[in-house]
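Engineer: compute the structure for the input listed below.
(2 chains)
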There are 2 protein chains.
Amino acid sequence: MDRATAIDEAKRLVDRSRFVMVGSTGEQGYPNIKAMFRLEHEDLTRFFLSTNTSSKRVSQFRSDPRACLYLADFDDFQGLMLIGDMTVRTDAATKQRLWQPGWEIYYPGGATDPDYCVLEFTARTGNYYHGLENTTFEVQGA
Amino acid sequence: MDRATAIDEAKRLVDRSRFVMVGSTGEQGYPNIKAMFRLEHEDLTRFFLSTNTSSKRVSQFRSDPRACLYLADFDDFQGLMLIGDMTVRTDAATKQRLWQPGWEIYYPGGATDPDYCVLEFTARTGNYYHGLENTTFEVQGA
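Structural biologist: Residues are numbered from 1 along each chain as shown, chains lettered A, B, ... in the order given. Model prediction:
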């Protein structure tokens, strides 16, 4: 599969995915995975997620920003892995911009709750799998 | 949630999951994720998966056996992460035992195809998430 087709299919996979699997490095160097809601994203280059500032993922990414995102369509045997780095954002503007109604159940203090923060993922490379075929590409310019 | 309830719910989540997400450590120490079919498993302690011997995951696990498995029910907000180690099995008995009809499309040589191998995952700890609650447990004896 050529790069343009892979990127096009990957973007459509992202658009219809409610969740992303987030890969981090945890205790004793073991890989960790957690599902999170897909919030805002800019093409394949940047993704925003939210989580508790006190959570394990935040302390993991603060000590090691290396990350991956994985999205899949299990019925159609499609998978997309994006490799990149995660930044923990606690600034008020970013938190306010991404805040969604109903999140009080996760963050009782609302958009300014100190236990609410944003994870900003910047992708470097991608690997798209479909129909037994793997296509690896640089994300920049995708 | 107490340990017994978490383990009980986690086992039922495993039983109804066709796929598992496999976490490994890849190039430059970045976490990697890939979806694989769930084949045989023994409770929460041991899982068998199959892949190409020439694949990236096999070379990753041969150089760093640290692994995790992640299973999720997105509709019910359940997630299970198992942390443990991955062994690459290429012995004929294991390969033969796990071989499934139709796999010739992945491994044209059949059960003795040198490019077919088995990944054996042994879990050490688990983390089960359901209803905003995280329960961490030792897998031994689960």
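Engineer: quick one: strands adjacent to whichever strand or helix holds A:Cys117?
Structural biologist: Using DSSP states H and E, A:Cys117 sits within strand A:116-130. With DSSP bridges as the test, strand A:116-130 is paired with strand A:46-52 (antiparallel), strand A:78-89 (antiparallel), strand A:133-138 (antiparallel).
Engineer: single out the most deeply packed of those strands.
Structural biologist: Mean neighbours per residue, mean count of other CB atoms under 10 Å in any protein chain shown, is largest over the strands paired with strand A:116-130 for strand A:78-89, with a mean of 21. To be clear about C-beta, it is placed using only N, CA and C from the backbone, and glycine gets the same treatment.
Engineer: now the helix or strand following that strand: average pLDDT?
Structural biologist: Later in the chain than strand A:78-89, the nearest helix or strand by DSSP H and E is helix A:92-98. The average pLDDT within helix A:92-98 is 96.
Engineer: spatially nearest residue to A:Leu39, not counting backbone neighbours?
Structural biologist: Spatially, and ignoring its direct neighbours in sequence, A:Leu39 is nearest to A:Phe48 (4.8 Å; CB to CB, 6 or more residues apart in numbering or on different chains).
Engineer: beta partners of the one you found?
Structural biologist: Going by DSSP bridges, A:Phe48 forms beta bridges with A:Glu120.
Engineer: need the contact list for it.
Structural biologist: A:Leu39, A:Glu40, A:His41, A:Thr94, A:Leu98, A:Val118, A:Leu119, A:Glu120, A:Phe121 (CB atoms under 8 Å, 6 or more residues apart in numbering or on different chains).
Engineer: and the furthest pair within those residues?
Structural biologist: Maximum pairwise distance among those (CB to CB): 14.1 Å, between A:His41 and A:Thr94.
Engineer: the more surrounded of these two?
Structural biologist: A:His41 (19 against 16; other CB atoms under 10 Å in any protein chain shown).
Engineer: quick check: A:Ala4 vs A:Leu132, distance?
Structural biologist: Remark: distance between A:Ala4 and A:Leu132 (CB to CB, to the nearest Å) = 20 Å.
Engineer: now swap in A:Glu40 and tell me
Structural biologist: Distance of A:Glu40 to A:Leu132, given as CB to CB: 32 Å.
Engineer: and these two? Which one has more around it.
Structural biologist: A:Glu40 (12 against 8).
Engineer: of the contacts of A:Phe48, which is the nearest to chain B?
Structural biologist: A:Phe121 (12.0 Å; CB to the nearest CB).
Engineer: tally of neighbours for that closest one?
Structural biologist: Per other CB under 10 Å, the neighbour tally for A:Phe121 reads 23.
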